[in-house]
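>>> Fold the following and give me the result.
(one chain, ligands or ions: 2)
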Amino acid sequence: MGAWFCALTCPTPPSQMFEPKSCTYTYLLGDRESREAILIDPVLETAPRDAQLVKELGLRLLYAGQCGGRTPGFEGRGGWGLGILRPFCVFLDLALLSLPVNTHCHADHITGSGVLRSLLPGCQSVISRLSGAQADLHIEDGDSIHFGRFALETRASPGHTPGCVTFVLNDHSMAFTGDALLIRGCGRTDFQQGCAKTLYHSVHEKIFTLPGDCLIYPAHDYHGLTVSTVEEERTLNPRLTLSCEEFVKVMDNLNLPKPQQIDFAVPANMRCGIQTPPS
Ligand SMILES: N[C@@H](CCC(=O)N[C@@H](CCS)C(=O)NCC(=O)O)C(=O)O
Ligand SMILES: [Fe+2]
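Ligands and ions are numbered 1, 2, ... in the order given. Predicted coordinates for the structure are as follows:
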């Protein structure tokens with residue numbers, strides 16, 4: 001496989017970038033040939049680290065413009081933005097950018113997307129339309145985000161929030177599940193219009209239907225775990241192996257403390273994590 005994580009010289013095993021305060025994983029994926037890259041779930045505090053890595057790796061500018069149909073960069077089912085056709089990808093020699101995409105409107109940290117837009121000129125943020133959050137580009141179920149020879153397929157996986165999506169690499173070798181599916185766990189459903197029944201169906205229909213050896217990369221881990229597989233979670237996840245009815249009961253009785261940053265993270269993330277949001 002030609003997609004790599006984080007280090008050009010280290011295609012395997014994939015590495016992840018960690019933000020310790022919220023235990024968030026940020027993933028950098030790129031195509032060796034074109035140098036186009038995508039950042040999944042960047043965090044405000046570690047955005048400078050991510051930008052530095054993008055620069056060190058000599059990534060080319062991936063410019064995400066609004067577009068009305070099929071473009072070299074995006075293939076969506078519906079119309080994009082205002083339907084104005086503009087090129088999605090513009091390459092600038094040694095430009096320093098990748099595309100930050102968010103699996104959902106996070107409650108526990110402020111997204112790094114807004115800061116990355118400043119640190120890496122031309123960088124544009126992506127989130128699902130159903131999140132209701134502001135971004136340069138809004139994606140929907142079935143949309144593909146291309147980077148070089150690769151693409152991430154967007155699979156709507158609501159339940160933790162209504163706008164949650166899972167990104168699946170086009171060869172189905174890895175899935176970035178956000179907070180829908182965590183390793184031996186799943187996202188809570190007690191805020192942000194969460195719904196346990198919806199989450200159960202999302203995971204079973206959109207993630208557990210992937211090949212058993214598909215790698216699962218979540219947005220968080222609180223136990224030091226880094227990666228799982230569809231087969232592992234299908235058989236070992238203590239919540240998602242229950243019946244839907246039992247799952248709902250478990251989720252209704254988690255009694256977790258609310259995330260420390262929720263009161264300011266959610267409003268900020270609705271505005272791309274910055275005070276001056278993209279229009
Ligand atoms: N203690 C953390 C918040 C932990 C938390 O609530 N995590 C969420 C995912 C981020 S919105 C979650 O869904 N957890 C599920 C679980 O079973 O732990 C903090 O204060 O930030
Ligand atoms: Fe979350």
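>>> Low-confidence stretches in the stretch 1-150 of the chain?
1-15, 60-97 (pLDDT under 70).
>>> Over to the stretch 151-279 of the chain?
275-279.
>>> interface residues of it facing ligand 1?
By CB under 6 Å from any ligand atom, the residues of the stretch 151-279 of the chain that approach ligand 1 are 179, 185, 187-188, 220, 256, 259-260. (Each C-beta comes from the backbone N, C-alpha and C, glycine too.)
>>> Let's have the residues you listed in CSV, adding distance to Leu29, secondary structure and neighbour count.
Rendered in CSV, the data for those read as follows (distance: CB to CB, whole Å; DSSP: H, G, I helix; E, B strand; the rest coil; neighbours: other CB atoms under 10 Å):
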residue, distance to Leu29, secondary structure, neighbour count
Asp179, 19, coil, 28
Gly185, 24, strand, 20
Gly187, 22, coil, 27
Arg188, 27, coil, 20
His220, 18, strand, 20
Leu256, 30, coil, 8
Pro259, 26, coil, 16
Gln260, 29, coil, 12
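>>> Spatially, which pair of these is furthest apart? Let me know, please.
Gly185 and Gln260 (18.8 Å; CB to CB).
>>> what about the nearest residue to Pro238 once chain neighbours are set aside, neighbour count?
Among residues not flanking Pro238 along the chain, Arg184 sits closest, at 6.2 Å (CB to CB, 6 or more residues apart in numbering). By the measure other CB atoms under 10 Å, the count of residues near Arg184 is 17.
>>> you'd agree Arg184 is up against Arg234?
No: with contact defined as CB atoms under 8 Å, Arg184 and Arg234 do not form a contacting pair (11.8 Å).
>>> Over to Ile262: give its phi and psi.
phi -60, psi -40 (degrees, to the nearest 10).
>>> quick one, what contacts it?
Ile262 is in contact with 107-108, 191, counting by CB atoms under 8 Å, 6 or more residues apart in numbering.
>>> what ranges do the strands span in the stretch 151-279 of the chain?
165-169, 174-178, 181-182, 185-186, 215-218, 228-229 (DSSP state E, counting those that start in this stretch).
>>> elements contacting the second one?
If I follow you right, that is strand 174-178. When contacts are defined as 3 or more CB pairs under 8 Å, 6 or more residues apart in numbering; DSSP states H and E, strand 174-178 sits against strand 165-169, strand 215-218.
>>> Out of those strands, which is the most enclosed?
strand 165-169 (a mean of 25; mean count of other CB atoms under 10 Å).
>>> in its sheet, what does it sit against?
When pairing is defined by DSSP bridges, strand 165-169 lines up against strand 150-156 (antiparallel), strand 174-178 (antiparallel).
>>> ok, Gln192 to Met251 distance?
14 Å (CB to CB, to the nearest Å).
>>> His138 falls within a strand, correct?
Yes: judged by DSSP: H, G, I helix; E, B strand; the rest coil, His138 forms part of a strand.
>>> my read: it touches Ile127, true?
Yes: using CB under 8 Å, His138 makes contact with Ile127 at a distance of 6.6 Å.
>>> out of the two, which sits in the more crowded spot?
Counted by other CB under 10 Å, His138 and Ile127 do not tie: Ile127 has more neighbours, with 27 against 22.
>>> and that one, what does it touch?
101-102, 104-105, 113, 133, 135, 138-139, 163.
>>> Name the nearest of those residues relative to ligand 1.
Top of the list for closeness to ligand 1, among the contacts of Ile127 and by CB to the nearest ligand atom, is His104 at 8.4 Å.
>>> Please identify the helix or strand for the spatially most central residue of the chain.
Centre of the chain computed as the mean C-alpha position; nearest residue by CA atoms, centre = their mean is Thr103, 3.4 Å away. Under the criterion DSSP states H and E, no helix or strand holds Thr103.
>>> Tell me how far it lies from ligand 1.
Look at Thr103 and ligand 1: by CB to the nearest ligand atom, to the nearest Å, they are 11 Å apart.
>>> for the residue lying closest to that residue once chain neighbours are set aside, what are its contacts?
Leaving aside its sequence neighbours, Thr103 sits nearest to Gly178 (CB to CB, 6+ apart; 2.7 Å). Contact partners of Gly178, counting by CB under 8 Å, 6+ apart, are 41, 103-104, 157, 160, 164-166, 187, 218-219.
>>> Since that was my last question, I'll sign off now.
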